[in-house]
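1. structure, please.
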Amino acid sequence: MQRTAVNPWNWSLKLGYNQAELVVNPSRYLICAGQTAVDGEGNPRHAGDMRGQIGLALDNMEAVLSGADMSLTNVIRLCVFTTDMDEALKNFDLFAERFGSVQCAPPMTLLGVTRLAMPELLFEIEATAAA
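-> Numbers count the residues shown, from 1 in each chain. Below is the predicted model:
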């Protein structure tokens, strides 16, 4: 698989994502359901703690990727949902740490929502990956 960043402007690079990516010749796609801050039994964790929830949601996303023999380097698109945009953006350095360390900047959308599936949840990540 070959990936080529498409950035007619470079402002998004400072925020850790490409405007688009051209993906050529992938042989496998993985469409991940929204990953949140839940434990292995589906119980919400880190109530009221955005940073903790982002970290656990990323951990859960990495576990799903690993289950398909993929990693963060395979992520080609992210859609992120939050109930508190300001608090989420304060903690977005967690994305930079994880994705920056593997030099991956997938196109991303960040959306503010009124609530997620469980009232305790503040943050959810959907990912598409390819190999």
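
2. what's the pLDDT at the residue lying closest to Ala131 once chain neighbours are set aside?
-> Nearest residue to Ala131, sequence neighbours excluded (Cβ to Cβ, 6 or more residues apart in numbering): Arg28, at 4.7 Å. Placement of C-beta: from N, CA and C, glycine included. Each residue has a pLDDT score; the one for Arg28 is 97.

3. in the longest helix seen in the chain, which residues are buried?
-> If you go by DSSP state H, the chain has its longest helix at helix 50-67. Of the residues in helix 50-67, 50-58, 60-62, 65 count as buried by neighbour count, 16 or more other Cβ atoms under 10 Å.

4. and Arg115, how far is that from Gly40?
-> Arg115 sits 24 Å away from Gly40, going by Cβ to Cβ, to the nearest Å.

5. out of those two, which sits in the busier spot?
-> Arg115 (10 against 7; other Cβ atoms under 10 Å).

6. about what we covered before: show me what the longest helix of the chain is packed against.
-> If you count contacts as 3 or more Cβ pairs under 8 Å, 6 or more residues apart in numbering; DSSP states H and E, helix 50-67 packs onto strand 29-35, helix 85-90, helix 93-101, strand 123-130.

7. please identify the most buried of those.
-> strand 123-130 (a mean of 21; mean count of other Cβ atoms under 10 Å).

8. with only the CA atoms kept, save it in CSV.
-> Only the C-alpha atoms of strand 123-130 are listed here, as CSV (Å, rounded to 0.1, in the frame of the first residue of the first chain):
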residue,chain,number,x,y,z
PHE,A,123,-15.1,11.0,23.8
GLU,A,124,-15.3,8.4,20.9
ILE,A,125,-13.0,7.6,18.0
GLU,A,126,-14.0,5.8,14.8
ALA,A,127,-11.1,4.7,12.5
THR,A,128,-10.6,3.3,9.1
ALA,A,129,-7.4,1.4,8.5
ALA,A,130,-5.8,-0.2,5.4
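
9. per-residue pLDDT, Ala127?
-> Value listed for Ala127 in the pLDDT field: 98.

10. swap in Leu13?
-> 89.

11. just to be sure, it is in a strand?
-> No: counting by DSSP: H, G, I helix; E, B strand; the rest coil, Leu13 falls outside a strand, being helix.
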